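Enquirer: Coordinates only, no sequence provided:
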């Protein structure tokens, strides 16, 4: 890696994390707000809220295998792109191009897929990366994620009040696009020496999982 690329790499990596975490916490808030606006009852809302968890349960292991076969950078970028795709689905519902309940369920499936792919991939990437120390890299990951956890819900509440679901959907799409671009700009990495299984790598840092 040339010196200029080395200096830019932290910006790309943590920019990708920032965009993703912002989008994730926007999605956590916008779905119940939008469902309540559409008059969906508590039972339906509870069922809809469980969709991301189901996708994470089903896709975490395949995502780890995908990291092993195709690298952490690709899976990280695909995870952020899936978050942006959920924003597109919410936008189609807000514009009445798709039935709201159908769009919400599909968007939740995208959000669950994003979380299933992104977190194992970015943690593996940080394990392979030689920038600074491993403790420093994972510490920065937690800091950036915490900023997203604070900013995402606050911005979503204000934006939803001002512009409704259309504004929140555009924010999700924008964060997904920016994060996916940053993910593609991250250099592809290979583990030094003998590669540890992804399951072991992710388990070692499971205390940071949202």
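Expert: Received it, and whenever you're ready, just let me know what you need. What you are looking at is a predicted structure, and each value in this text was computed from that prediction instead of being measured.
Enquirer: which helix in this protein runs the most residues?
Expert: helix 134-185 (DSSP state H).
Enquirer: so what's residue 88 up against?
Expert: Taking CB atoms under 8 Å, 6 or more residues apart in numbering as the contact definition, residue 88 lies against 169, 173. From N, CA and C alone the C-beta is placed, and that goes for glycine too.
Enquirer: Residue 125 now?
Expert: Residues near residue 125 by CB under 8 Å, 6+ apart: 13, 72-73, 76, 186, 189.
Enquirer: Give me the pLDDT value at residue 41.
Expert: What the model reports for residue 41 is a pLDDT of 84.
Enquirer: what number of residues lie near it?
Expert: By other CB atoms under 10 Å, the residues close to residue 41 number 10.
Enquirer: Next: the one 10 residues further on.
Expert: The local packing count at residue 51 equals 19, with neighbours defined by other CB under 10 Å.
Enquirer: The one 3 residues further on now?
Expert: The number of residues packed around residue 54, counting by other CB under 10 Å, is 12.
Enquirer: Skipping adjacent residues, who's closest to it in space?
Expert: Spatial nearest neighbour of residue 54, chain neighbours left out: residue 112 (6.6 Å); criterion: CB to CB, 6 or more residues apart in numbering.
Enquirer: does that neighbour count as helix, strand or coil?
Expert: Here residue 112 is recorded as helix under DSSP: H, G, I helix; E, B strand; the rest coil.
Enquirer: Test my guess that residue 30 contacts residue 166.
Expert: No - counting by CB atoms under 8 Å, residue 30 does not reach residue 166; the two are 10.9 Å apart.
Enquirer: Please identify which of these two sits among more neighbours.
Expert: Taking neighbours as other CB under 10 Å, residue 30 and residue 166 compare with residue 30 leading, 28 against 15.
Enquirer: what about the more buried one, which helix or strand?
Expert: Counting by DSSP states H and E, the element that carries residue 30 is helix 3-37.
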